[in-house]
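K.L.:
fold the following.
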Amino acid sequence: MTPVTLLTAEQKSAEVTDWAARIGWLVGLALFVALVYWLMREGWKWRGTLQGDLPELPSAPDEPGPVKLDMSGRYHGSTTAGQWLDRIVAHGLGTRSRVELTLTDAGLDVVRPGAGDFFVPAGQLRGARLDKGIAGKVLTEGGLLVVTWEHGDRLIDSGFRSDTAAEHGAWVDTLNQMINDTEGAR
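P.N.:
Next up is the predicted model:
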């Protein structure tokens, strides 16, 4: 026998794929992913229920006054003040979205396409700072504008990022000056 004949005699046919087992694994994996998604959704709804004591968010007044600053960017969510991982989801505050911020003498108007708009009256603003993170979003140092405000009996931090990050410093200075002027008038 020649060496070629020996090689061909020892070859076997390829293994046959067990399609039933493969389909079973894929269906099992799809069910597992669906279960995890459902549990995450239920957790989100439960968190909203626990935060149900948060009053309705105010809407902007008809005549807010002249615009001091405006900004386009992203809204990254709100947390309990000082606790950057304790996300607030009640009344849509946990929903990330595009944002148009407008600061007037009346307060801060937060317009969010695809999510609920809200307004923070000037008397409820408590501070502004640059930070690097808020509930699931971490950026470079100073990459996030965080506005602290009071709603009901709770202090809330809301995180914003401008399309032009160089604007953040002006927002912090203007907001803090406005807060100091408001507190001085009381």
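
K.L.:
the helix ranked longest in the chain: how far from the chain's middle?
P.N.:
Counting residues, the longest helix found in the chain (DSSP state H) is helix 19-50. Mean-position distance between helix 19-50 and its chain equals 22 Å (CA atoms, centre = their mean, to the nearest Å).

K.L.:
do stretch 140-152 as well
P.N.:
12 Å.

K.L.:
with stretch 61-74 instead?
P.N.:
That offset, for stretch 61-74, works out to 21 Å (CA atoms, centre = their mean).

K.L.:
need the contact partners of that stretch.
P.N.:
96-107, 109, 119, 160-163, 167, 170-171, 174, 178 (CB atoms under 8 Å, 6 or more residues apart in numbering). For the C-beta atoms, the positions are set from N, CA and C on the backbone; glycine is no exception.

K.L.:
buried residues, the longest helix of the chain. List them.
P.N.:
Residues of helix 19-50 classed as buried: residue 48 (neighbour count, 16 or more other CB atoms under 10 Å).

K.L.:
tell me the mean pLDDT over the next helix-or-strand element following that helix?
P.N.:
Scanning forward in sequence from helix 19-50 by DSSP states H and E, the next helix or strand is strand 67-80. Across strand 67-80, the average pLDDT comes to 91.

K.L.:
can you turn the buried part of the contacts of stretch 61-74 into a PyMOL selection?
P.N.:
The PyMOL selection below is limited to those of the contacts of stretch 61-74 classed as buried (16+ other CB under 10 Å):
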select buried, resi 96+97+99+101+102+103+104+106+107+109+119+160+161+162+167+171+178
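
K.L.:
just checking, residue 135 touches residue 83?
P.N.:
No. Residue 135 lies out of contact with residue 83 (CB atoms under 8 Å); the separation is 9.1 Å.

K.L.:
those two: who's more crowded?
P.N.:
A count of neighbours by other CB atoms under 10 Å puts residue 135 above the other of residue 135 and residue 83, at 21 against 11.

K.L.:
with adjacent residues omitted, what lies nearest to that one?
P.N.:
residue 87 (4.0 Å; CB to CB, 6 or more residues apart in numbering).

K.L.:
what's the answer for residue 48, then?
P.N.:
residue 89 (4.7 Å).

K.L.:
next one: the one you found from residue 77, what distance?
P.N.:
Between residue 89 and residue 77 the computed distance is 9 Å (CB to CB, to the nearest Å).

K.L.:
ok, residue 49 next?
P.N.:
Taking CB to CB, one finds residue 49 at 18 Å from residue 77.

K.L.:
with residue 28 instead?
P.N.:
34 Å.

K.L.:
what do you get for residue 139?
P.N.:
Residue 139 is 13 Å from residue 77, by CB to CB.

K.L.:
returning to what we had before: joint contacts of residue 89 and residue 77?
P.N.:
residue 95.

K.L.:
thanks a lot, catch you later.
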